[in-house]
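[1] turn this into a model:
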Amino acid sequence: MRVLLISDTEAKGGAAIAASRMACALAGQGHEIGMVVNDPQDGPPVGPWRRFVVGGGEAIPWDRVPDALLEAEAVDGLKRVLDDFSPDAVSVHNIHGGAKVGWSVDMVRVCADRVPTVWTLHDTWSFTGRCAYLNGCPFFPDRCGRDCPSSGEYPFLNPDRVPGEFARKRDVLTRAGRLAAAAPSGWMADLAGRSAWAGREIRRIPNCLDAEVFFPGDQAEARRALGLDVEGRVVLLCAADCSDPRKGVGLAVEALGRMDRPPTLLVMGRPTDFSGAEDMRVIRLDFVADDADKRQAYSAADIMVHPALQDNLPNTVLESLACGTPVAGFDIGGMSDLVLDGQTGRLADTVSPQGLVSAVEDCLARSAVLGAAGRTHVLERYAEAETAACWTALIESMKE
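    Alright, predicted model coming up:
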């Protein structure tokens, strides 16, 4: 089968990384893969696919999005790719980052009117006027209007344009041809089922990873390589952007600082102000792109803390568990799909510093047992072959 993926980038950003892993999984099952991106990179494709660039010209300011002319050009470019590659199915991932070069929900309509198309819901953008996470929006699921409470946050959109975009997405989701949703978590599946996706097939298909890339390493060796003490407690904190309020980094720092024996804090992600962490040794790795370097950080830690206040099915949590490093966090979003409370990590009873302290302490006390169970959970539920089989089964059901 020929499968065409559509993703803002090949492998830059959490959703794109998940998309590229899905592409590798499908290629591993013998499928021919093409990937449409809007952010062209130098050099060959980063995975086993043909790369097509659509709308890779000069970006317009966000306050001009959407732009009808650019959107028409992007749709025409996609049609040319569809004619060239002639896919049997299309896998859509995050596309909202491409709005600046004309990408829009109309691209999904074009695909679904030709071949079975599955849109993987890495966030809520597909069924809202503009937002990637609801942030407690009081208007969901009935409307998105000019009074959008978060229009100044990414993905940016002029408030006057929010109602029109909401209506356009509802039209595509209700009227496009063969279109279904893949929800990485039960939480996302529930949200989609209360939106314009209702009436469409919404199937839970989780993100996957290569367990031969992410695996348990020697902790002492990893610590020495990172300049850490071999003895002592080490907690890893991961966030692409530590200053993003949704990631809850400040809350985690406060919680860890309250512990009787504050651990060494290993931070993987773009830096932020760690005021309040004076009683802890903080080792900043900054942004880490290489998988082997990520694996080293996971192996060096006793546990990872993931204090996000909203999240779908975080790649970092999946990676940590695959490396045998248990995770402590909050029972939000899709976290309970990955962190089986008391089995592969701990989920705090309350979204608070004290709740997180208790989860972290318990996780540290049982890290070896929880870590082994986490690795097993990943192998059983998030292996590439299983995820690829679930995705192709959904496509086959849409052909009937």
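
[2] these two touch, right, Asp147 and Pro159?
    Yes. Here Asp147 reaches Pro159: they are 7.3 Å apart, a contact under Cβ atoms under 8 Å. Heads up, the C-betas are built off the backbone N, CA and C, glycines and all.

[3] higher neighbour count, the two?
    Pro159 (16 against 12; other Cβ atoms under 10 Å).

[4] separation between that one and Ala372?
    For Pro159, the distance to Ala372 (Cβ to Cβ, to the nearest Å) stands at 50 Å.

[5] could you do Arg175 as well?
    Taken as Cβ to Cβ, the span from Arg175 to Ala372 is 49 Å.

[6] give me the number of residues near Ala393?
    Residues lying near Ala393 (other Cβ under 10 Å) number 12.

[7] now stretch 102-113: buried residues?
    Of all the residues in stretch 102-113, those buried under the rule 16 or more other Cβ atoms under 10 Å are Gly102, Trp103, Ser104, Val105, Asp106, Met107, Val108, Arg109, Val110, Cys111, Ala112.

[8] which among these gets closest to Leu236?
    Trp103 (34.4 Å; Cβ to Cβ).

[9] is the residue of the chain most remote from its centre in a helix, a strand, or coil?
    Farthest-out residue of the chain from its mean C-alpha position, per Cα atoms, centre = their mean: Asp260, at 33.8 Å. Secondary structure, DSSP: H, G, I helix; E, B strand; the rest coil: Asp260 is coil.

[10] poorly predicted segments of this structure, please.
    Residue ranges of the chain with pLDDT under 70: 272-277, 400.

[11] element containing the closest residue to Ile202 other than its chain neighbours?
    Spatial nearest neighbour of Ile202, chain neighbours left out: Ala181 (4.5 Å); criterion: Cβ to Cβ, 6 or more residues apart in numbering. Applying DSSP states H and E as the criterion places Ala181 in strand 179-183.

[12] so which bits of the top helix by length along the chain are buried?
    For the chain, the helix with the greatest residue count under DSSP state H is helix 68-85. Neighbour-count burial for helix 68-85 flags Leu70, Glu71, Glu73, Ala74, Val75, Gly77, Leu78, Val81, Leu82, Phe85 (criterion: 16+ other Cβ under 10 Å).

[13] out of the residues you listed, flag the one nearest to Gly136.
    Ranked by distance to Gly136 (Cβ to Cβ), the buried residues of helix 68-85 are led by Glu71 at 30.7 Å.

[14] and the closest one, how far from Leu82?
    Glu71 is 16 Å from Leu82, where distance means Cβ to Cβ.

[15] kindly report the same for Asp241.
    34 Å.

[16] which parts of the chain are strands?
    2-6, 32-37, 50-53, 89-92, 117-120, 179-183, 202-204, 234-241, 264-270, 282-286, 303-306, 327-330, 345-348 (DSSP state E).

[17] what does the domain assignment say about the chain?
    Per the record, the chain has its domains at 2-208+383-399, 219-381, by automatic domain parsing.

[18] relative to the whole chain's centre, how far out is the longest one?
    Spelled out, that is domain 2-208+383-399. 13 Å (Cα atoms, centre = their mean, to the nearest Å).

[19] list the residues that contact Arg130.
    Cys144, Cys148, Ser151, Pro155, Phe156, Leu157, Val162, Glu165 (Cβ atoms under 8 Å, 6 or more residues apart in numbering).

[20] what is the burial count for Gly47?
    17.

[21] hmm, I was thinking of Ser7
    Neighbours of Ser7 under the rule other Cβ under 10 Å: 30.

[22] which residues touch it?
    Counted by Cβ under 8 Å, 6+ apart, Ser7 has contacts Ala15, Ala16, Ala19, Ser20, Met35, Val36, Val37, His93, Asn94, Ile95.

[23] just put the residues you listed in a markdown table and tack on neighbour count and distance to Leu256.
    Below are the contacts of Ser7 laid out as a markdown table (neighbours: other Cβ atoms under 10 Å; distance: Cβ to Cβ, whole Å):
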| residue | neighbour count | distance to Leu256 |
| --- | --- | --- |
| Ala15 | 26 | 28 |
| Ala16 | 22 | 30 |
| Ala19 | 28 | 33 |
| Ser20 | 24 | 32 |
| Met35 | 29 | 40 |
| Val36 | 29 | 42 |
| Val37 | 25 | 38 |
| His93 | 23 | 34 |
| Asn94 | 26 | 31 |
| Ile95 | 22 | 37 |
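
[24] format the residues you listed as a markdown table; extra columns: distance to Gly342.
    Listed next are these as a markdown table, based on distance: Cβ to Cβ, whole Å:
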| residue | distance to Gly342 |
| --- | --- |
| Ala15 | 30 |
| Ala16 | 33 |
| Ala19 | 32 |
| Ser20 | 33 |
| Met35 | 40 |
| Val36 | 43 |
| Val37 | 41 |
| His93 | 33 |
| Asn94 | 33 |
| Ile95 | 38 |
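
[25] among those residues, name the ones in helices.
    Of the contacts of Ser7, the ones assigned to helices by DSSP H are Ala15, Ala16, Ala19, Ser20.

[26] identify the spatial nearest neighbour of the third one, chain neighbours not counted.
    Nearest in space to Ala19, with sequence neighbours left out and distances taken as Cβ to Cβ, 6+ apart, is His93 at 3.9 Å.
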